[in-house]
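In: predicted model, plus sequence, below.
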Amino acid sequence: VLVGSGVRPDTVAELLTIADGAIVGTALKRGGETTAPVDAGRVETLVARADEVRG
């Protein structure tokens, strides 16, 4: 089961307690803008929060 919407650093830990993975888009973009490039800092933050659950 994958979560495909609403995945952000503040929600990813909780969502991964009930799902096997997540599809992430806008939350990783600079300024949260869909047309902006991916922001490495946002990726690092989200992955760190996801790792809190996955261990």
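Out: All right, it came through fine. Numbers count the residues shown, from 1 in each chain.
In: my reading is that residue 7 lies in a strand. Confirm?
Out: No - according to DSSP: H, G, I helix; E, B strand; the rest coil, residue 7 belongs to no strand; its state is coil.
In: these two touch, right, it and residue 28?
Out: No - at 9.2 Å, residue 7 does not count as touching residue 28 under the criterion of C-beta atoms under 8 Å. (C-beta placed from N, C-alpha, C; glycine too.)
In: and for those two, which residues touch both?
Out: Common contacts of residue 7 and residue 28 (C-beta atoms under 8 Å, 6 or more residues apart in numbering): residue 46.
In: now the helices: where do they sit in the chain?
Out: 12-15, 40-54 (DSSP state H).
In: what does the longest one rub up against?
Out: Helix 40-54 has contacts (C-beta under 8 Å, 6+ apart) with 7-10, 12-13, 16-17, 22, 24, 27-30.
In: pull out the buried residues from that helix.
Out: 42, 45, 46, 49, 50 (16 or more other C-beta atoms under 10 Å).
In: which one of these is nearest residue 2?
Out: Proximity of the buried residues of helix 40-54 to residue 2 was ranked by C-beta to C-beta; the top entry is residue 50 with 12.9 Å.
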